[in-house]
Every structure is written in C-alpha cells, then in structure tokens.
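**Q** Give the three-dimensional model of this entry:
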Amino acid sequence: MTMIAIGMVLAFLLYIFKNYWWLMLKIRQYGVETDATVCRIEKGKQVAYGSATEYPRTFYYVVYQGRDGLPTEARLLNPKTPLNRGDGVRIKYLEEKNGCAVLIQNSVNS
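**A** Here you go, the predicted structure:
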C-alpha cells in the first residue's frame with residue numbers, strides 16, 4: 001500500500017515538473033522574445049484539499065503579436081510582482097505552445 005502511495009506522489013510530481021517547470025525552462029531557453037501588454041487579470045480563491053482554508057490565486061494574461069502577425073493571448077507562468085491591466089511587459093513564448101509565456105522584464109515603455 002505504501003509503495004502505491006509513493007508511486008502516485010512521484011507520478012504527480014513528474015506531471016507538475018513536465019507541465020510547468022520543464023515548460024518554463026524550455027521557453028526561457030528556446031522562446032521567442034517580444035513585447036506584450038497585460039490584457040486580463042483573473043482573481044479567485046482556491047480551497048486547499050482536505051480543509052476549508054482558502055488561498056488567493058491570480059492569473060495574468062498578456063496579448064502579443066506573434067511572428068504570423070496575429071494577436072495572441074497567453075497566460076504568464078511566472079509573474080513576479082503584481083501587474084495592472086495595460087502594463088507593458090517583455091515575454092518569451094514558444095511558437096508551438098503559444099498559450100503560455102514567461103515574463104522576462106516587468107515594465108516596458110510603450
């Protein structure tokens with residue numbers, strides 16, 4: 001029984017690493033750098049599993065012009081400080097997975 005629990009925890013950690021940390025590392029290394037504007041901020045609360053404790057969560061979305069010339073919206077994976085709607089930022093993104101972006105620089109003069 002203990003081995004099954006350990007296996008499940010390891011599988012969960014591997015999933016988190018592959019879909020979050022590995023993606024961030026890949027975007028930082030191979031991503032296309034461009035200017036973007038914060039277009040949407042989603043605030044909400046997340047309830048911890050097994051308790052009634054609520055944690056605030058905030059997702060920041062930016063819009064940028066891709067290499068194809070079309071405006072694209074992406075969620076920032078690593079916002080370091082609170083941002084406001086309309087703020088200019090510098091990001092990196094992958095062309096094949098353009099729904100996620102990594103923040104490179106907070107304030108960009110437009």
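
**Q** could you say which helix or strand contains the residue lying closest to Y61 once chain neighbours are set aside?
**A** Leaving out its chain neighbours, the residue that sits closest to Y61 by CB to CB, 6 or more residues apart in numbering is R40, at 4.1 Å. Bear in mind the C-beta positions are built from the backbone N, C-alpha and C, glycine included. Assigned by DSSP states H and E, R40 falls within strand 32-47.

**Q** by contact count, what packs against that strand?
**A** strand 54-65, strand 71-76, strand 88-94 (3 or more CB pairs under 8 Å, 6 or more residues apart in numbering; DSSP states H and E).

**Q** Ramachandran angles for E96?
**A** With angles defined as degrees, to the nearest 10, E96 sits at phi -80, psi -10.

**Q** From R75, how far off is it?
**A** Distance of E96 to R75, computed by CB to CB, to the nearest Å: 16 Å.

**Q** try R28
**A** In terms of CB to CB, R28 sits 16 Å off from R75.

**Q** and if you look at K43?
**A** Taking CB to CB, one finds K43 at 14 Å from R75.

**Q** Kindly report the same for L83.
**A** L83 is 12 Å from R75, by CB to CB.

**Q** And for Q29?
**A** 19 Å.

**Q** any weak-confidence spans in the chain?
**A** Judged by pLDDT under 70, the chain has its weakly predicted residues at 108-110.

**Q** Could you point out the longest helix of it?
**A** Among the segments of the chain that qualify as a helix by DSSP state H, the longest is helix 2-16.
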